[in-house]
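Colleague: Give me a model of this one.
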Amino acid sequence: MGVALITPFKDDESVDFAALGRLVDYQIKSGSDYLVVLGTTAETATLTAAEKDAVSRFIIDKAKGRVPIVLGVGGNCTRAIIEELETRDFTGVDAILSVTPYYNKPSQEGLYQHYSALARHTKLPIILYNVPGRTGVNMVAETTLKLAREFPNIVAVKEASGNITQVDEIIKHKPAKFMVISGDDGITFPLMTLGADGVISVIGNAFPKEFSRMVRLARSGDYANALEIHHRFTDLFNLLFVDGNPAGVKCMLHAMGFIENKLRLPLVPTRLTTYEKITAVLNELNIKY
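Modeller: Residues are numbered from 1 along each chain as shown. I've put the predicted structure just below:
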């Protein structure tokens, strides 16, 4: 289980590095296998270039090599990403997560050429990220598999299409060492029964111990006990995204006392009704953290 870390903010919308440091320690001590930095859940689109550098460097320094670091490096201009790959300091970064180009809606050939260019300009392992609900384009199984077969440093795909048939097709035909990672907490368990390798999780921000245990149980084939944990969290899965991401998980973390319930526009906190439902479920779970 990797965790797509949030970016906590203070009331004045500055980055709350003290809270971020507590979260990093909480993740590592609670069993998260790796940290994903500057992904969607981090509200990266609302961070300045200086803030992105400061946040990524802070997390890398705080982690101190205790777990691998995956850094979000994506966009909708291939040349700009290549420039970043060639000029950025990637010290302490173990792999990159690169989302499919958004808004300009490339064809499958465009997606193939985009990732081919990235793979040729970095030696770092690349995790493809397919999330058509956000980007407006779905990378089909054929394209993912072609990239996986042709480029040794394209090592995994984070699949958040919600299309189980498509994910199963990738799992069925992928190279042996290529990893298929769930990008959706709610269907991680069923995907793992099909052979997926794990998850890059949102809810793991709040419950790293429990959710990483579910993943490990499923990886070992203990589906009965993994399913029990999955079912404990189904109500929260439904509430996580009802008001957008990361509003739901920030609401949880605020209720748990970790952070201020602050997002940057155009994102806003959950509605009061959602907050009340989330706190009610948290009380029912009665998990110590």
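Colleague: mind checking how far residue 10 is from residue 16?
Modeller: Residue 10 sits 5 Å away from residue 16, going by C-beta to C-beta, to the nearest Å. Just so you know, the C-beta spots here come from the backbone N, C-alpha and C atoms, and that holds for glycine as well.
Colleague: okay, and the common contacts of those two?
Modeller: Common neighbours of residue 10 and residue 16, using C-beta atoms under 8 Å, 6 or more residues apart in numbering, are residue 260.
Colleague: the more surrounded of these two?
Modeller: Comparing residue 10 with residue 16 by other C-beta atoms under 10 Å, the one with more neighbours is residue 16, at 20 against 14.
Colleague: For the more buried one, list the residues it contacts.
Modeller: Counting by C-beta under 8 Å, 6+ apart, residue 16 makes contact with 8-10, 259-260.
Colleague: What backbone torsions are found at it?
Modeller: Dihedral angles of residue 16 (phi, psi; degrees, to the nearest 10) stand at phi -90, psi 90.
Colleague: Now it. Nearest residue, chain neighbours left out?
Modeller: residue 8 (4.2 Å; C-beta to C-beta, 6 or more residues apart in numbering).
Colleague: how many neighbours does that neighbour have?
Modeller: Around residue 8 there are 24 residues (other C-beta under 10 Å).
Colleague: quick revisit: which one of the contacts of residue 16 is nearest residue 106?
Modeller: Distances from residue 106 to the contacts of residue 16, taken as C-beta to C-beta, are shortest for residue 9 (32.7 Å).
Colleague: And the closest residue to residue 103 other than its chain neighbours, how close does it get to residue 191?
Modeller: Closest residue to residue 103 apart from its sequence neighbours, by C-beta to C-beta, 6+ apart: residue 76 at 5.5 Å. Counting by C-beta to C-beta, the separation of residue 76 from residue 191 is 27 Å.
Colleague: for residue 275, same thing?
Modeller: 29 Å.
Colleague: Please identify which of the two sits among more neighbours.
Modeller: Between residue 275 and residue 191, residue 191 has the larger neighbour count (other C-beta under 10 Å), namely 23 against 20.
Colleague: So for that one, what's the pLDDT?
Modeller: With respect to pLDDT, residue 191 scores 98.
Colleague: Please shift the residue numbers so they start at 20 in all later answers.
Modeller: Yes, from this point I'll number from 20; that puts the last item at residue 210.
Colleague: Helix or strand for it, just tell me which one.
Modeller: Element membership for residue 210 (DSSP states H and E) is helix 207-213.
Colleague: Buried residues of the helix or strand hosting residue 166, list them for me.
Modeller: Using DSSP H and E, residue 166 sits within helix 160-169. Neighbour-count burial for helix 160-169 flags 160, 162-167 (criterion: 16 or more other C-beta atoms under 10 Å).
Colleague: Where does the prediction get shaky in the stretch 70-219 of the chain?
Modeller: Within the stretch 70-219 of the chain, not a single segment meets pLDDT under 70.
Colleague: ranges for the strands of it?
Modeller: 88-91, 114-118, 145-149, 173-178, 198-201, 217-220 (DSSP state E, counting those that start in this stretch).
Colleague: mind putting those strands in a markdown table, distance to residue 82 and mean neighbour count included?
Modeller: Converted to a markdown table, those look like this (distance: least, C-beta to C-beta, whole Å; neighbours: other C-beta atoms under 10 Å):
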| stretch | distance to residue 82 | mean neighbour count |
| --- | --- | --- |
| strand 88-91 | 6 | 23 |
| strand 114-118 | 14 | 24 |
| strand 145-149 | 18 | 24 |
| strand 173-178 | 20 | 24 |
| strand 198-201 | 20 | 22 |
| strand 217-220 | 16 | 27 |
